[in-house]
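Asker: what shape does this take:
(2 chains)
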There are 2 protein chains.
Amino acid sequence: MYEGAVQDLIDELGRLPGIGPKSAQRIAFHILSADSADVDRLAGVLRRVKAEVKFCRICGNVSEGDECRICRDPRRDASIICVVEEPKDVIAVERTREYRGRYHVLGGAISPIDGIGPDDLRVRELLMRLSDGAVTELILATDPNLEGEATATYLARLIKPMGVIVSRLASGLPVGGDLEYADEVTLGRAFSGRRTVD
Amino acid sequence: MYEGAVQDLIDELGRLPGIGPKSAQRIAFHILSADSADVDRLAGVLRRVKAEVKFCRICGNVSEGDECRICRDPRRDASIICVVEEPKDVIAVERTREYRGRYHVLGGAISPIDGIGPDDLRVRELLMRLSDGAVTELILATDPNLEGEATATYLARLIKPMGVIVSRLASGLPVGGDLEYADEVTLGRAFSGRRTVD
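Answerer: As a prediction, this is how the structure comes out:
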């Protein structure tokens, strides 16, 4: 409908998740009337995030360097690993201030419908971290939905024979929900009330 | 919460209209896992839209060149001008396929609360377009809300003494609404039922 670059921008914005045609148009006109410096900063950080952001070689969380801030921090308890699906789940758990161990980011959850199996997740990297016996407890903090539960069950069966205590976040999280949307209190209680998997 | 560029990106995205913190985070992680080529294209078009897009020197609509597609089109009736607030309103009217005249984009509406008066809009440019007597009808298609009505009333009083037929879009548009969200049929009927301002 629009000429050249305006329409290109609306099209590109419309490809982002959660941005419909009306939102894309509104953002495009906001950008048209915004300061050039602000737009340059947004365009710059878009390129920078692709160039600079890596994934931590230990836990798989997003990181500026080879190892993330949490894996580099000697004050974090290296004997406990909390397994989550996505980097944003690390942030959600950090917000509770209940947890002082390390993390392992799987990069998703087992989902046969989407064709995602254990080999598509960072399961092998998790097993390698457990191989030297330094880790004594594994907290499974995958989402409390179908895929997250399946992933937790799979990991518990795989890892319990290795002699590691495997626990799952306590019920208290709303079932069918998404871990990142839980409020701090609920998520904190789920942490303190975690139970071992038999 | 995140390290370096990821957090910068979430912050920049959160400044866009209609993007809250959760949406910004979701879009940032989408970009992290997207193709570099796609992200480059988005970053490129953001800069290109600021560099290339101008406003038509005749009607004030967005345009790639000095004059927009509609002002350059000899098939469009130059004796009728439809006055709208924003470029997106031009698109809304074009979608009805009811109108074959030209446009004039004011760049907003009179709003004393926001400190926007006639001098902040492209009113002088409109009067200049009417000065040679070639335009015989002016359709006031400002939004059917307080500011839009005030702007229409102001323009009607100013321009009717010049001997131009001044009309306002027919009622039928939902009052208190926004012109760009009207459906094609409603907006088309509003066009065909427009009435002269006494």
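Asker: helix B:36-52 and the longest helix along chain A, what's the angle between them?
Answerer: Once chain A is assigned using DSSP state H, the helix that runs over the most residues is helix A:36-52. If you take axes from the mean of the first three to the mean of the last three CA atoms, to 10 degrees, helix A:36-52 sits at 170 degrees to helix B:36-52.
Asker: confidence score at A:S171?
Answerer: A:S171 carries a pLDDT score of 59 in this model.
Asker: meant to ask about A:G193, not that
Answerer: 71.
Asker: I'd say it and A:S167 touch.
Answerer: No - using CB atoms under 8 Å, A:G193 makes no contact with A:S167, being 10.0 Å away. Every C-beta, even on glycine, is put in place using the N, C-alpha and C of the backbone.
Asker: these two: who's more crowded?
Answerer: More crowded of A:G193 and A:S167, by other CB atoms under 10 Å in any protein chain shown: A:S167, with 20 against 11.
Asker: strands of chain A, residue ranges please.
Answerer: Secondary structure of chain A, counting by DSSP state E: strands at A:54-55, A:62-63, A:77-84, A:101-105, A:137-140, A:165-168, A:195-196.
Asker: which one, of the ones you listed, ends up nearest to chain B?
Answerer: Closest approach to chain B among the strands of chain A (CB to the nearest CB): strand A:62-63, 5.4 Å.
Asker: can you pull the contacts of A:I19?
Answerer: For A:I19, the contact set (CB atoms under 8 Å, 6 or more residues apart in numbering or on different chains) comprises A:13, A:27, B:27.
Asker: for the second one, grab the count of nearby residues.
Answerer: For A:I27, the number of neighbouring residues by other CB under 10 Å comes to 22.
Asker: do you know how far it is from B:D38?
Answerer: Counting by CB to CB, to the nearest Å, the gap between A:I27 and B:D38 amounts to 17 Å.
Asker: about what we covered before: ok, of the strands of chain A, where does mean pLDDT dip lowest?
Answerer: Among the strands of chain A, strand A:195-196 has the lowest mean pLDDT, at a mean of 72.
Asker: residues of stretch A:160-169 that come out buried?
Answerer: A:164, A:166-169 (16 or more other CB atoms under 10 Å in any protein chain shown).
Asker: just stretch A:146-158 next, same as before
Answerer: Within stretch A:146-158, the residues that qualify as buried are A:147-149, A:151-152, A:154-156, counting by 16+ other CB under 10 Å.
Asker: over to stretch A:44-64?
Answerer: Within stretch A:44-64, the residues scored as buried using 16+ other CB under 10 Å are A:44-50, A:52-53, A:55-56, A:58-64.
Asker: with stretch A:106-123 instead?
Answerer: Within stretch A:106-123, judged by 16+ other CB under 10 Å, the buried ones are A:106-110, A:116, A:121-123.
Asker: need phi/psi at the residue minimising distance to the centre of chain A.
Answerer: The centroid of chain A falls nearest to A:E86 when counting by CA atoms, centre = their mean (1.6 Å). According to degrees, to the nearest 10, the main-chain angles of A:E86 amount to phi -130, psi 160.
Asker: circling back to that earlier point, which of the buried residues of stretch A:146-158 has the weakest pLDDT?
Answerer: Of all the buried residues of stretch A:146-158, A:E149 carries the smallest pLDDT score, 86.
Asker: name the nearest residue to that residue, ignoring sequence neighbours.
Answerer: In space, and not counting its chain neighbours, A:E149 is closest to A:T142: 7.4 Å by CB to CB, 6 or more residues apart in numbering or on different chains.
Asker: count of neighbours near the one you found?
Answerer: Applying other CB under 10 Å, we find 26 residues neighbouring A:T142.
Asker: could you check the pLDDT of it?
Answerer: pLDDT recorded at A:T142 is 92.
Asker: that one reaches A:A156, doesn't it?
Answerer: No - contact criterion CB under 8 Å: A:T142 and A:A156 do not qualify, at 10.6 Å.
Asker: who touches stretch A:190-198?
Answerer: Residues outside stretch A:190-198 that contact it (CB under 8 Å, 6+ apart) are A:93, A:96, A:98-99, A:139-140, A:152, A:156, A:160, A:165-173, A:182.
Asker: low-confidence ranges in chain A?
Answerer: Low-confidence segments of chain A, defined by pLDDT under 70: A:171-172, A:174-175, A:195.
Asker: quick one: end-to-end distance for stretch A:71-85.
Answerer: In stretch A:71-85, first residue to last residue: 17 Å (CA to CA, to the nearest Å).
Asker: so that stretch, near chain B or not?
Answerer: No - residues of stretch A:71-85 are not located near chain B by CB under 8 Å from any CB of the partner chain, the shortest gap being 10.7 Å.
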